[in-house]
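A.B. asks: Provided below for reference: sequence and predicted model.
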2 protein chains.
Amino acid sequence: MDRIPILKMGQYLLVTIQVDLYDRLALDLESDLISHITQTNARGVLIDISAVSIVDSFMGRILSNIAGMARILDAATVVVGMQPAVAITLVELGLSLTGVHTALNVERGIELLRTKTGGTIEPSDYDEPSDD
Amino acid sequence: MDRIPILKMGQYLLVTIQVDLYDRLALDLESDLISHITQTNARGVLIDISAVSIVDSFMGRILSNIAGMARILDAATVVVGMQPAVAITLVELGLSLTGVHTALNVERGIELLRTKTGGTIEPSDYDEPSDD
């Protein structure tokens, strides 16, 4: 596999990381995501890492980079599905995911994104219209 | 990676296939999906194969199997994101994905699932209430 697929769901993008992120793949993911954000006017990025058993400093930096780049383009980033062991290791190693929000699963991640992005401009199937 | 993650989105399940499905992984995916359908009362399964460059007879049978099992549990299966080359090969090889619906992307897949499953019982963020 040469690319990690990016799925558009309403005004959010969903990425499921299932393989080890080596350098090239990680850089491609960053650039692909940023391109997708601009092309689709996405307001948020969901990154599912439920299949990831180890988040080391490299992976942590990639996630922070993505969040930083997305924020510049006015999109929030939420990492979802983190395994309990990964959360334990992150704290024990003192690694912090700078600028990255986390949520338990995709559904809560979307709720969080909705809060972060402050309502919707174009209501879609994934995003009920809000009048506030 | 030992398992393909299954994401719950409202009353639908989403699976992104990013790696080659060898025997064990495919069987695990089948059983995991069926378990998830029963646990979550899912009405539909979306399988994204945008990262898959070859759908051979084995993969085709796995997709058909999943669709068959899901249908018994009253859930529809939609395969989304198929690459153009894959569609060409399927037709040229005369492979048919029995019982499997297809849609261009995740968003259209969800629309199709909504049609197939005939409205919603529990409206969620991903599924606007319908009164028909």
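C.D. replies: On my side now, so go ahead.

A.B. asks: going forward, measure contacts and count neighbours with C-alpha atoms only.
C.D. replies: Noted.

A.B. asks: where in chain A is pLDDT low?
C.D. replies: By pLDDT under 70, the weakly predicted segments of chain A are A:1, A:119-132.

A.B. asks: which residues in it form strands?
C.D. replies: Secondary structure of chain A (DSSP state E): strands at A:6-9, A:12-16, A:44-48, A:76-80, A:101-103.

A.B. asks: hey, which helix is longest across chain A?
C.D. replies: helix A:23-40 (DSSP state H).

A.B. asks: wondering if that one reaches chain B at all.
C.D. replies: No. Helix A:23-40 does not reach chain B (CA under 8 Å from any CA of the partner chain); its nearest approach is 12.9 Å.

A.B. asks: buried residues in that helix?
C.D. replies: Within helix A:23-40, the residues that qualify as buried are A:A26, A:L29, A:E30, A:L33, A:I34, A:H36, A:I37, counting by 16 or more other CA atoms under 10 Å in any protein chain shown.

A.B. asks: what two of these are the furthest from one another?
C.D. replies: Greatest spacing in the buried residues of helix A:23-40, by CA to CA: A:A26 and A:I37 (16.5 Å).

A.B. asks: roughly how far does A:D2 sit from A:Q39?
C.D. replies: A:D2 is 21 Å from A:Q39, where distance means CA to CA, to the nearest Å.

A.B. asks: show me the residues around A:I110 that make contact.
C.D. replies: By CA atoms under 8 Å, 6 or more residues apart in numbering or on different chains, the contact set of A:I110 is A:L46.

A.B. asks: try 6 Å
C.D. replies: Contact partners of A:I110, counting by CA atoms under 6 Å, 6 or more residues apart in numbering or on different chains, are absent.

A.B. asks: dump the residue contacts of A:S64.
C.D. replies: A:L97, A:T98.

A.B. asks: go again with 10 Å.
C.D. replies: Listed by CA atoms under 10 Å, 6 or more residues apart in numbering or on different chains, the contact set of A:S64 reads A:F58, A:A70, A:T77, A:S96, A:L97, A:T98, A:G99, A:V100, A:H101.

A.B. asks: just among the residues you listed, which is most surrounded?
C.D. replies: Using other CA atoms under 10 Å in any protein chain shown as the neighbour criterion, A:T77 leads the contacts of A:S64 with 29 neighbours.

A.B. asks: state the distance from A:P5 to A:L113.
C.D. replies: In terms of CA to CA, A:P5 sits 20 Å off from A:L113.

A.B. asks: meant to ask about A:A67, not that
C.D. replies: From A:A67 to A:L113 the distance is 13 Å (CA to CA).

A.B. asks: enumerate the residues of chain A near chain B.
C.D. replies: Counting by CA under 10 Å from any CA of the partner chain, the positions of chain A adjacent to chain B are A:1-10, A:15-20, A:48-53, A:81, A:105-108, A:110-111, A:124-128.

A.B. asks: now, of those residues, which are buried?
C.D. replies: Here, 16+ other CA under 10 Å leaves A:4-10, A:15-18, A:48-52, A:81, A:105-108, A:110, A:124-128 buried among those.

A.B. asks: give me the phi and psi for the closest residue to A:A85 other than its chain neighbours.
C.D. replies: Of all residues not flanking A:A85 in the chain, A:S53 sits nearest, at 7.6 Å (CA to CA, 6 or more residues apart in numbering or on different chains). When read as degrees, to the nearest 10, the backbone of A:S53 gives phi -100, psi -10.
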